[in-house]
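In: quick one, fold the following:
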Amino acid sequence: MKSFAKLVKEDTQDIGGSDVRIVSTVPMDHAEIARDGLRAVDSGIFKVPSRISSLIGDEYKYIQDVADATHLRGAYLFQGSCLDESGYNNDPVNQTHSTLSGFTDYDGLDYTLTTTANNKFKGFYGATATSNGKGAIIPNKFLKDGTTNTLDFSGDFDIFCWVEPEDGEQGGVIFSKINSSGEGITIKLNMSSNQFAASVTIENTTAGVGSRSFSTQGSDGGSASWCQADTPCLVRLQRKGITFNLWLVNGSESIPFGAPNGTYTGTASYPKSSGSFSVPTDATIGSKASAWSTNTVTSTNSKFEGKLYSIRIYSNVLDSASSKQIFSSRPIPLIMKLAGTVWKIESSIDQKKIYVKGFGKVIIDSVISDIILPSGSTYVTGEWYRNLSPATSPSRSGKTFTICSSVEIIRSIFAHLNQTLINSPNFKLSVRDLTSVANTINSYEGSGNFLEIINQLMTIVDKSFYVSPRGKCIIEDNDIDLTDTLKFGKLYDVTADGYDDSMTVNDLYVSTRISGSFNIIHDSDTSSIDLIGLYSKRIFTPQITDAAAAIIFRNKFLTKHAVINTRYTIVAPALIDFVRENFRVKVTNTTKNLDVNTTIKSITWTYPEGKTTIETGDFLLDAFDIEKTSAEAISNLVTDTNLNP
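Out: Numbering: from 1, shown residues only. Next comes the predicted model:
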């Protein structure tokens with residue numbers, strides 16, 4: 001039975017005297033998942049059969065895709081991270097960045113935003129394996145039986161890779177899982193005459209059989225298929241029985257997965273396509289292993305020269321409709337919509353209602369004090385600073401940061417918060433700046449509500465802060481512009497919820513502690529006052545102790561909030577997967593005379609009803625929202641209040 005949405009539970013079991021993390025799929029009758037960005041904690045409500053064992057603190061993850069997720073074992077979307085979104089935590093090992101010695105949780109890939117007009121992945125990040133690392137190295141993991149690989153290639157499987165080769169380069173390896181004898185599988189692109197063909201090398205684990213390679217160049221049982229430089233293409237490798245099929249889909253096909261462009265079936269004399277192709281070694285993304293220490297990859301080569309957009313790995317053959325969806329649907333930024341812990345359970349005779357809060361609640365709930373940032377300059381794992389110029393020397397002493405960038409301050413606090421997350425081995429906060437912001441703050445006091453700290457720092461650098469379900473936090477440009485491709489019109493129920501002036505200000509007083517003394521700096525926007533009247537407010541920012549940073553904060557805040565914003569609600573009669581917070585989209589409705597560009601702030605999915613509710617516009621929680629969260633807070637008083645999610 002196909003399932004485009006699934007709920008997985010992760011817990012620890014004693015197997016053979018060792019604690020093993022076990023992932024199991026939980027049947028669900030209903031799900032409602034809300035992603036609220038930095039407005040509120042991401043949350044989910046799930047109705048499951050009463051027989052399902054569940055306790056406060058259990059970890060759950062909600063997976064939703066355009067394709068059947070039943071046999072999904074690996075999902076990499078490369079949106080600033082190479083963390084696995086399949087629910088199986090096939091995550092890359094930490095590497096040390098080749099030029100930033102303190103960057104020791106580098107995943108081996110760099111990320112850039114695609115901005116090319118008419119590119120399928122415009123507005124999405126692509127991953128590149130550069131000289132900064134080895135590509136992503138994925139440790140081998142086993143299922144509950146302790147012998148079957150999570151990324152299992154012993155039987156039927158399907159792998160889908162959206163990639164884009166770079167002009168003037170040679171292609172390279174997209175995905176590989178091989179041992180030192182060459183056993184396993186490797187998928188790559190090869191350049192010939194300024195165009196690219198997909199090729200695969202396979203070797204089963206039967207000694208003496210040898211390897212076999214086949215490609216989409218037209219000489220391996222199918223019509224030739226090539227892709228051009230700087231153009232996305234989809235490579236698919238399928239094993240069905242003892243037959244391997246290979247497609248390279250470049251968009252010119254009338255049917256995306258018709259006859260394979262390359263195929264191979266072994267013979268009795270040369271059974272190279274039978275048996276198992278699963279090896280207990282690390283897998284690699286964007287490169288190929290070239291040296292090992294037992295089963296651990298220590299060196300790589302053949303890096304992919306271009307962009308990696310998505311890789312999906314299935315432990316069975318994917319159905320035709322789902323395969324076509326992976327090709328034809330819009331790119332999606334999230335397959336895992338929620339990951340978190342149970343905070344409340346309601347039970348009836350035949351059903352349980354499980355309430356889950358996202359792991360990211362640690363950001364919203366945390367108050368930074370001497371407990372989190374103790375006095376002194378002792379750094380913890382994950383905390384590092386670098387000289388932004390020869391004249392600077394970034395540092396921290398207690399809660400005081402000197403000559404630090406915004407990302408350095410956030411990264412330091414994350415590193416200390418991670419020391420408290422001992423009960424969540426698969427969740428750690430980390431931050432990646434994809435904007436190369438060079439602004440430094442001469443002095444900053446890292447104390448108070450952490451969300452307030454983040455909002456201040458993002459205002460100073462005029463950037464956005466995005467939190468993924470797995471805890472990877474991305475600093476990116478505000479309002480990723482997709483207005484030319486993401487348009488919500490007559491097929492959607494669009495409502496203008498009225499004007500929201502809760503954050504409007506055109507006469508601003510900022511209270512700071514510049515150089516340790518109480519100060520007020522003031523400015524106003526006369527054109528805004530003339531247009532909408534006087535909106536005067538005072539903001540208390542004791543964390544900002546640097547005069548220059550205080551002025552920048554005042555100016556940026558005033559510029560952003562000098563207008564009255566409008567809230568819009570978009571309701572779709574389907575599960576929409578191609579949206580996330582900070583996407584700027586177009587909303588149109590001729591009947592209501594709407595034609596506006598607006599930024600997504602929150603998304604709610606309802607399953608199996610198949611409904612998506614999107615809220616846009618810069619707004620704080622309104623009275624109704626506050627009433628809802630207050631009721632939840634009262635119900636939550638019975639749970640523990642420590643920082644562990």
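In: list the residues that contact Lys2.
Out: Applying Cβ atoms under 8 Å, 6 or more residues apart in numbering, we find Lys2 in contact with Asp68, Thr70, Asp319, Ser322. (Each C-beta comes from the backbone N, C-alpha and C, glycine too.)
In: so what's the last one up against?
Out: If I follow you right, that is Ser322. By Cβ under 8 Å, 6+ apart, the residues touching Ser322 are Lys2, Val66, Ala67, Asp68.
In: what about the third one, neighbour count?
Out: This means Ala67. 25 (other Cβ atoms under 10 Å).
In: for this structure, what's the longest strand?
Out: strand 594-607 (DSSP state E).
In: mind giving me the packing neighbours of it?
Out: strand 30-35, strand 565-572, strand 583-589, strand 611-616 (3 or more Cβ pairs under 8 Å, 6 or more residues apart in numbering; DSSP states H and E).
In: which residues of the stretch 151-300 of the chain score low on pLDDT?
Out: Within the stretch 151-300 of the chain, no range satisfies pLDDT under 70.
In: just the helices from it, written as ranges.
Out: Secondary structure of the stretch 151-300 of the chain (DSSP state H, counting those that start in this stretch): no helices present.
In: please name the nearest non-neighbouring residue to Pro256.
Out: Using Cβ to Cβ, 6 or more residues apart in numbering and skipping residues adjacent in sequence, the residue nearest Pro256 is Phe327, 4.2 Å away.
In: please pull up the helix or strand immediately following the helix or strand where that neighbour lies.
Out: For Phe327, the host element (DSSP states H and E) is helix 320-328. Toward the C-terminal end, the helix or strand that comes next after helix 320-328 (DSSP H and E) is strand 336-347.
In: which residues touch Ile354?
Out: Contacts of Ile354 by Cβ under 8 Å, 6+ apart are Ile45, Phe46, Lys47, Val48, Ser54, Tyr60, Val342, Lys344, Ile345.
In: looking at these, state which has the most neighbours.
Out: Result: Phe46 is most packed of the contacts of Ile354 (other Cβ under 10 Å), 24 neighbours.
In: buried sites along stretch 453-470?
Out: 453-454, 456-470 (16 or more other Cβ atoms under 10 Å).
In: go on, stretch 532-548?
Out: Ile532, Tyr535, Thr541, Gln543, Ile544, Thr545, Asp546.
In: let me know how buried Ser176 is, in neighbour terms.
Out: Neighbourhood size, Ser176 [other Cβ under 10 Å]: 24.
In: got it, and the one 3 residues further on?
Out: As a burial measure, Asn179 scores 18 neighbours (other Cβ under 10 Å).
In: hang on, Ile529 in a helix?
Out: Yes: assessed with DSSP: H, G, I helix; E, B strand; the rest coil, Ile529 lies in a helix.
In: hmm, Thr504 and it touching each other?
Out: No: with contact defined as Cβ atoms under 8 Å, Ile529 does not count as touching Thr504 (11.1 Å).
In: how is this protein divided into domains?
Out: Annotated domains of the chain cover 66-331, 360-479 [automatic domain parsing].
In: output those domains as JSON lines; include the columns distance to Leu508.
Out: What follows is the domains of the chain, written out as JSON lines (distance: least, Cβ to Cβ, whole Å):
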{"stretch": "domain 66-331", "distance to Leu508": "31"}
{"stretch": "domain 360-479", "distance to Leu508": "12"}
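In: which one of those domains lies closest to Gly516?
Out: Nearest of these to Gly516, taken as Cβ to Cβ: domain 360-479 at 9.1 Å.
In: okay, and the beta partners of Thr265?
Out: Thr243 (DSSP bridges).
In: pretty sure it contacts Ile242?
Out: Yes: between Thr265 and Ile242 there is a contact under Cβ under 8 Å: 5.8 Å.
In: who touches both of these two?
Out: Both Thr265 and Ile242 are contacted by Ser273, under the criterion Cβ under 8 Å, 6+ apart.
In: which stretches of this protein have low pLDDT?
Out: The model of the chain has pLDDT under 70 over residues 1, 14-20, 387-392, 422-426, 437-438, 618-645.
In: mind checking the longest helix of it?
Out: In the chain, taking DSSP state H as the definition, the longest helix is helix 547-561.
In: which residues are contacting it?
Out: 439, 441-442, 444, 456, 459-460, 462, 503-506, 508, 510, 512, 514-515, 519, 521-525, 539, 541, 544, 618.
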